[in-house]
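[1] task: produce atomic coordinates for the following.
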Amino acid sequence: MNNNEYPRVLIISDATWADENNIGNTFSNLFEGWPKDKIAMVYARPDLPNTVVCDNFFQISENRLIKRFLNFNIKTGKKINNSELNNLEAKQTFRNEENSGKKIYSFFLKYRWNVFLIAREFLWKIGNWKTKELDDFIEEFSPEIVLSLACPGIYMNRLQQYIIVRSKAKPILYFVDDVYSLKQFSLAPLFWLNKLMQRRSINKTIELSSSVYTIVPKQKYEYDNSFNKNTKLLTKGGNFETNPNREIDMAKPFKLVYTGNIYAGRWDTLESIGRALDEINQPELKGVLYVYTKNELTTRMKKSLSEIKSIKFMGGIPASKISEVQRDSDILIHVESLRLKEKLMTRLSFSTKLVDYFAQRKCILAVGWSEAASIEYLRKNDIAVVVDDVNKINIRLKELLDQPETIQRYGLKSWTFGKENHDIHTIKELLRQDMVDLMHPNDCNR
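    Numbers count the residues shown, from 1 in each chain. So this is what the prediction gives:
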């Protein structure tokens, strides 16, 4: 395809574009093959990017926002080019800032105290991030499309609104989580004050946007009504060109594999699966659950691991190895929280690793709240063995391990569904054409 048929796209995200995090992995999936001179990102984390899909970045660091109060010569925003990171001195400077910033961010992520979230907003309110460096970056790249990742933070919405207005590009807003609805749980008045202020800020970004994307049908239905807009579905795609032959080896215990985040209540669900396996494995070993995650274990998690014999904690692995691990499994595990607060928090989320699961032609065992968008999606399309009651995990899991033909059947079902609905070539072309149509609305029927 001709280079001129690709718009110049500037992505705005809180998270760094790194293939090992969910959103970075999704961006790489959607924009692989896009001309590198036509894609760039502005982001607000101290982490360094880690992708071969995009080279051109602008980083605004909260560390530098704080330090600037003591030294006005510090630049809060810096341009990063992947090729420049080959310079060891420059790379080490960024690494030092990254390590310092990660400590602060990890603290916020672990506790998420509302007072600290408000303090962050105050920092961005008074901090100097509207700089000449940012303006120069926008002007030099001269985007035709601005794709903003919807974020609850008021500071991120201000950043997105500023760039949209400054660039005069066609704006697209992409929701991958429920950052808008009031179906949440908290007894803290500050939480609700912050939430109402966030919604007001998100509404301003929506008003500026020419198009809005959502990630899963349940989210689309609710947001269409909330925003009075016809949003478009956009999710990660997979490669379904070859139908892999997946034979079940009956001469070994079944290998159950989970890859991904274990926070937000997901560990509790994994623990329930592990305890069910311990019961099923008496007196004969029928299955073992292998958990791959880069998340740190809490004291309680370590204690449960010492008690459960059927879970093997494997730690983190490089993103390039995840597909191999999934391919070596018999059953792939998807879990959502069964605790009230986390259930509501992840209600409209869609785990992009499910598309990876589809492409592997593996049976999926999904355990979670029946109203979670991902669980609803799997059940509605009958592409996974779904359990929405923790008390039924033992029964359903035992049935599955005793019926290898069911494991084979659901593996084929998930692959066939993925090929029909999540083919990456189709998704990328629809996204590109959507962007072209936004730039040339009068030519949509040409």
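
[2] so where do the strands sit in the stretch 101-250 of the chain?
    Along the stretch 101-250 of the chain, the segments classed as strands by DSSP state E, counting those that start in this stretch run 145-149, 170-174, 211-214, 232-233.

[3] got the ones you listed as a markdown table, with distance to Arg266 and mean pLDDT columns?
    Glycine gets a C-beta too; all of them are placed from N, C-alpha and C. Shown next, in a markdown table, are the strands of the stretch 101-250 of the chain (distance: least, Cβ to Cβ, whole Å; pLDDT from 0 to 100):
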| stretch | distance to Arg266 | mean pLDDT |
| --- | --- | --- |
| strand 145-149 | 22 | 98 |
| strand 170-174 | 23 | 98 |
| strand 211-214 | 22 | 97 |
| strand 232-233 | 24 | 96 |
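
[4] just send those back as a markdown table, with distance to Arg45 and mean neighbour count too.
    Converted to a markdown table, these look like this (distance: least, Cβ to Cβ, whole Å; neighbours: other Cβ atoms under 10 Å):
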| stretch | distance to Arg45 | mean neighbour count |
| --- | --- | --- |
| strand 145-149 | 12 | 25 |
| strand 170-174 | 18 | 24 |
| strand 211-214 | 22 | 23 |
| strand 232-233 | 27 | 15 |
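
[5] so can I have JSON lines of these showing distance to Leu305?
    Shown next, in JSON lines, are these (distance: least, Cβ to Cβ, whole Å):
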{"stretch": "strand 145-149", "distance to Leu305": "34"}
{"stretch": "strand 170-174", "distance to Leu305": "36"}
{"stretch": "strand 211-214", "distance to Leu305": "37"}
{"stretch": "strand 232-233", "distance to Leu305": "38"}
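
[6] out of those, nearest to Ile322?
    Closest approach to Ile322 among the strands of the stretch 101-250 of the chain (Cβ to Cβ): strand 145-149, 22.0 Å.

[7] by how many degrees do that closest one and strand 170-174 diverge?
    Interaxial angle, strand 145-149 versus strand 170-174 (axes from the mean of the first three to the mean of the last three Cα atoms, to 10 degrees): 20 degrees.

[8] all numbers from here: first residue = 7
    Understood, numbering begins at 7; the last thing we discussed is strand 151-155.

[9] what's in contact with strand 151-155?
    The contact list for strand 151-155 (Cβ atoms under 8 Å, 6 or more residues apart in numbering) reads 13-21, 29, 166, 169-170, 173, 175-180, 182, 211, 215, 441, 444-445.

[10] where does the stretch 57-206 of the chain dip in pLDDT?
    Applying pLDDT under 70 to the stretch 57-206 of the chain flags the ranges 92-121.

[11] the helix or strand hosting Lys261 pairs with which strands, parallel or anti?
    Using DSSP states H and E, Lys261 sits within strand 260-265. Strand 260-265 pairs in its sheet with strand 293-298 (parallel), strand 337-341 (parallel), by DSSP bridges.

[12] could I get it in CSV with only the CA atoms?
    C-alpha atoms of strand 260-265 as CSV (Å, rounded to 0.1, in the frame of the first residue of the first chain):
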residue,chain,number,x,y,z
PHE,A,260,-3.4,-31.3,31.8
LYS,A,261,-1.5,-28.1,31.7
LEU,A,262,-3.6,-25.0,32.6
VAL,A,263,-1.9,-21.7,31.9
TYR,A,264,-2.7,-18.1,33.0
THR,A,265,-0.7,-15.2,31.5
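
[13] what average pLDDT does it get?
    In this model, strand 260-265 has a mean pLDDT of 96.

[14] give me the next element, helix or strand, following that strand.
    Going down the chain from strand 260-265, the next helix or strand is helix 272-286, by DSSP H and E.

[15] and for that next one, what are the contacting residues?
    Contact with helix 272-286 is made by 262, 264, 266, 268, 292-295, 297, 307, 310, 314-317, 339, 341-345, 348, 371, 373-374, 396, 399-400, 403-404, 407, as judged by Cβ under 8 Å, 6+ apart.

[16] just the buried residues of those.
    Buried subset of the contacts of helix 272-286 (neighbour count, 16 or more other Cβ atoms under 10 Å): 262, 264, 266, 268, 292-295, 297, 307, 310, 314, 316-317, 339, 341-344, 348, 371, 373-374, 396, 399-400, 403-404, 407.
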